[in-house]
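Enquirer: Give me coordinates for this.
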Amino acid sequence: MTTEKMKKLMQNCTLCPRGCHADRLSGRNGFCGQSAKITAARAALHFWEEPCISGHCGSGAVFFSGCALQCVFCQNREIALGKAGRPVSIDRLSEIFLELQEKGAANINLVTAGHFLPQICIALRKAKGQGLTLPIVYNSSGYEEVSSLKLLKGLADIYLPDLKYHSSRLSAEYSQSPDYFQKASAAISEMFRQTGPPILDPRSGLMKRGTIVRHLLLPGETADSKRILRYLHDTYQNDIYVSILNQYTPPTDNPNLPEALRRPVSSEEYEKVLAFADAIGIEQGYLQEGDTADESFIPAFDFSGL
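Expert: Numbers count the residues shown, from 1 in each chain. This next block holds a predicted model:
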């Protein structure tokens, strides 16, 4: 990725499936809410990812501002809407990656980074040239363009996408994206093509390469969750990890939240989906125990590490 190519991509942005064609280089915001200037809200060790990502030392997570999906129930709504963020140059971003490595991070975790991919690719190559050796995790909503993901070939080691919906009705209502499953399933296919089956360090248990697909249960939608798990297992068997999450927490800062999303997922709903996953043969995966909806997995977006 050259600076000239980055500028060209930013002048007519089609990085994500929204294809908004914004001239972000001239300061216009795309659907993601961001111009070509990188903005981020936090860069620090993060301990709340899956065990093979966070380990005991923490994942070196950089939380970028803005988002191309804009789910009505987003837990990181403060930064997804671009309300929290600080400008970060490409050179500074490469320094941040190296500083996280010096702090003992298990990996570099790029959280919701798709709308800054060209700049991030430049920063990664610069940091790798200066001694960055950690695995690179691309942490995504799943709503990605395959052509954009190809920019990461040879740079990303681990993909951590969501697969939120199978139903186009749900994705249209909750994320304004009736094409979500079509785009996300194609994106996950490209991610798997790049990484292949999971490779874990036998001593630390940390993932070195591979794909983990996350699925967050939504209240009242166990049937859609089962369709997603069936699709993933039929397509990839146990060559990917599947992380089944029950941490859905109704946001309090969205007065337009649909009524169906105003309650947590019940333990009965979660157990039903876990039983289904076991019955169809999903073996490589993670589940959540306890009342995770009462826990906070959201760090303080206080510009730490920037």
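Enquirer: For the stretch 201-306 of the chain, which segments are assigned as helices?
Expert: Using DSSP state H, counting those that start in this stretch, the helices of the stretch 201-306 of the chain run over 222-236, 267-280.
Enquirer: would CSV of those helices with mean neighbour count and mean pLDDT be doable?
Expert: C-beta here means a position set from N, CA and C on the backbone, and glycine is covered the same way. Shown next, in CSV, are the helices of the stretch 201-306 of the chain (neighbours: other Cβ atoms under 10 Å; pLDDT from 0 to 100):
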stretch, mean neighbour count, mean pLDDT
helix 222-236, 18, 98
helix 267-280, 15, 97
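Enquirer: Need those in JSON lines (columns: distance to residue 168).
Expert: What follows is those, written out as JSON lines (distance: least, Cβ to Cβ, whole Å):
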{"stretch": "helix 222-236", "distance to residue 168": "11"}
{"stretch": "helix 267-280", "distance to residue 168": "20"}
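Enquirer: Residue 6 is nearest to which of those helices?
Expert: helix 222-236 (32.3 Å; Cβ to Cβ).
Enquirer: For that closest one, report the contacting residues that lie outside it.
Expert: 163, 165-167, 170, 185, 189, 192, 213, 215, 217-218, 240, 242, 244, 269, 272-273, 276-277, 280-282 (Cβ atoms under 8 Å, 6 or more residues apart in numbering).
Enquirer: Could you check the angle that helix makes with helix 267-280?
Expert: If you take axes from the mean of the first three to the mean of the last three Cα atoms, to 10 degrees, helix 222-236 sits at 20 degrees to helix 267-280.
Enquirer: how far out from the middle of the chain is helix 222-236?
Expert: For helix 222-236, the gap between its own C-alpha mean and the chain's C-alpha mean amounts to 19 Å (Cα atoms, centre = their mean, to the nearest Å).
Enquirer: Appreciated, that's everything.
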